[in-house]
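1. Sharing a model that was predicted from the sequence below.
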Amino acid sequence: MPLTNRPNRSTLTQFLIEERRRFPSASGDFNALILDVALACKAIARAVAFGELGGVMGNHAAEEGGSVNVQGETQKKLDVLSNDVFIRRTEWAGNLAGMASEEMDLPYQIPGQYPRGKYLIVFDPLDGSSNIDVNVSVGSIFSILRAPQEVIDSGRDVVDADFFQPGAQQLAAGYALYGPTTMLVLTVGDGVNAFTLDPTLGEFMLTHPKLMIPQDTHEFAINASNSRFWEAPVKRYVDECLAGSTGPRDKDFNMRWIASMVAEAHRILMRGGVFLYPRDNKDPAKPGRLRLLYEANPIGMIMEQAGGRASTGEKPMLGVQPTSLHQRIGLVFGSKNEVDRIERYHAEPVKVELKNPLFAERSLFRD
Ligand code: AHG
Ligand code: MN
Ligand code: MN
């Protein structure tokens, strides 16, 4: 299509200004923060796109400040770079009271030379970073909260507990996906809108307004290598999907696993599906793999805002009261009817498979 005939789409800036008109008293700080986050995502997209040419592949060298983060996970160079980009692009403007990130043990304090603001940001600067070196989609996830009033009034340093707000209190959440195209998916509590980066203009353009997730699906995503550690309701759910049209679900299912949660979330947002990284008994010290504050809650808000659901497996994710900055949690999200079903299986008493040795095993009663 010739350039002049292309639809005149909204830019992210135009979209935010039009949204803000609904709140005549809004200061504009919130929009400024979102635009700074969007710029951080563009900078990360550029670093990701240059790949090996940019010299940013591989693990973060120990001599440059260590290579294992607070989660005990090996940091990639791009994890560290992305964390730094998020900080530098958002700390200066006077919109933030503090930050927290997957890659930082403690909350980040806004340096003294900058004014402090009324928002908190929590982020996973690069999700799915084990996929970097194999050129598979990764992304950044963020959640914006209001700082406690007493923090705003006093301007004091933030502490972990300032971030312990249930997901339902998020003011905005979003992610950027660095895939074949770079996209920014955003909710400010009024539905979910997705923007595609025009790489020549350097602008996010509104390409997917008001996204809604189909309520039903025949596609599920789970890391089946953990199946021996799953709890009974998860086993039951997956077994029923695998049984397909020969089982109680009466339809065949397809399966996907990218090992990049943000990419799975995007697929589900686009065409439905269900994702499970449930609590399991692999490691009693880790109640789940993914993190509540910067993975489960922002993705949960996006799912709910698009008519889908997010759950711990037992209860709605957005109602969970956080108790630590890097806490892990079981996460199930996607098409509403599937998440409802998984919660129902958790609520139902476990059916114990009766194996009566007399009738089942002994040769006396068997052929
Ligand atoms: P991160 O790269 O931020 O540490 O997160 C990786 C997460 C998530 O994106 C993905 O779904 C999951 O780890 C994959 O875990 P497995 O390797 O256990 O499948
Ligand atoms: Mn992650
Ligand atoms: Mn990460």
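-> Structure's in. What do you need? Since the model is a prediction, treat every value here as computed from it, not as a measurement. Ligands and ions are numbered 1, 2, ... in the order given.
2. mind saving the C-alpha coords of the longest helix seen in the chain as PDB?
-> In the chain, with assignment by DSSP state H, the single longest helix is helix 29-50. The C-alpha trace of helix 29-50 is given here as PDB (Å, rounded to 0.1, in the frame of the first residue of the first chain):
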ATOM      1  CA  ASP A  29       2.700  12.900  35.300                       C
ATOM      2  CA  PHE A  30       1.200   9.500  34.600                       C
ATOM      3  CA  ASN A  31       1.300  10.000  30.900                       C
ATOM      4  CA  ALA A  32       4.900  11.300  31.100                       C
ATOM      5  CA  LEU A  33       5.900   8.100  33.000                       C
ATOM      6  CA  ILE A  34       4.300   5.800  30.500                       C
ATOM      7  CA  LEU A  35       6.100   7.600  27.700                       C
ATOM      8  CA  ASP A  36       9.400   7.300  29.500                       C
ATOM      9  CA  VAL A  37       8.700   3.500  29.900                       C
ATOM     10  CA  ALA A  38       7.900   3.300  26.200                       C
ATOM     11  CA  LEU A  39      11.200   5.000  25.400                       C
ATOM     12  CA  ALA A  40      13.000   2.500  27.600                       C
ATOM     13  CA  CYS A  41      11.300  -0.300  25.700                       C
ATOM     14  CA  LYS A  42      12.400   1.200  22.400                       C
ATOM     15  CA  ALA A  43      16.000   1.300  23.600                       C
ATOM     16  CA  ILE A  44      15.800  -2.300  24.800                       C
ATOM     17  CA  ALA A  45      14.200  -3.300  21.500                       C
ATOM     18  CA  ARG A  46      17.100  -1.800  19.700                       C
ATOM     19  CA  ALA A  47      19.700  -3.600  21.800                       C
ATOM     20  CA  VAL A  48      17.900  -6.900  21.300                       C
ATOM     21  CA  ALA A  49      17.600  -6.300  17.600                       C
ATOM     22  CA  PHE A  50      21.400  -5.700  17.200                       C
END
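3. so how far is the very next helix or strand once past that helix off the chain centroid?
-> Counting by DSSP states H and E, the element after helix 29-50 in chain order, helix or strand, is helix 77-90. How far helix 77-90 lies from its chain's middle: 17 Å, per C-alpha atoms, centre = their mean, to the nearest Å.
4. What of stretch 220-230?
-> Distance, centroid of stretch 220-230 to centroid of chain: 19 Å (C-alpha atoms, centre = their mean).
5. quick one: average confidence on that stretch?
-> Taken as a whole, stretch 220-230 has an average pLDDT of 97.
6. ok, now stretch 13-21?
-> 93.
7. Which residues does it contact?
-> Here stretch 13-21 makes contact (C-beta atoms under 8 Å, 6 or more residues apart in numbering) with 10, 26, 28, 30-31, 34-35, 188, 190, 193, 195, 203, 206. All C-beta atoms are positioned from the backbone trio N, CA, C, and that covers glycine.
8. switch the cut-off to 6 Å
-> 26, 31, 34, 206 (C-beta atoms under 6 Å, 6 or more residues apart in numbering).
9. Could you turn the buried ones of these into a ChimeraX selection?
-> Buried members of the contacts of stretch 13-21, defined by 16 or more other C-beta atoms under 10 Å, are picked up in ChimeraX with:
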select :31,34,206
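10. For the contacts of stretch 13-21, which two are the farthest from each other?
-> Ala26 and Leu206 (19.7 Å; C-beta to C-beta).
11. State the mean pLDDT of the longest helix of the chain.
-> So the average pLDDT for helix 29-50 ends up being 97.
12. does ligand 1 sit close to it?
-> No: Helix 29-50 stays out of contact with ligand 1 when judged by C-beta under 6 Å from any ligand atom, the minimum separation being 13.0 Å.
13. nearest to Ala168, of the contacts of stretch 13-21?
-> Ile34 (19.7 Å).
14. Now do the same contact list for that closest one.
-> Applying C-beta under 6 Å, 6+ apart, the residues near Ile34 are Leu16.
15. Check the gap between it and Val188 for me.
-> With the distance defined as C-beta to C-beta, to the nearest Å, Ile34 ends up 8 Å from Val188.
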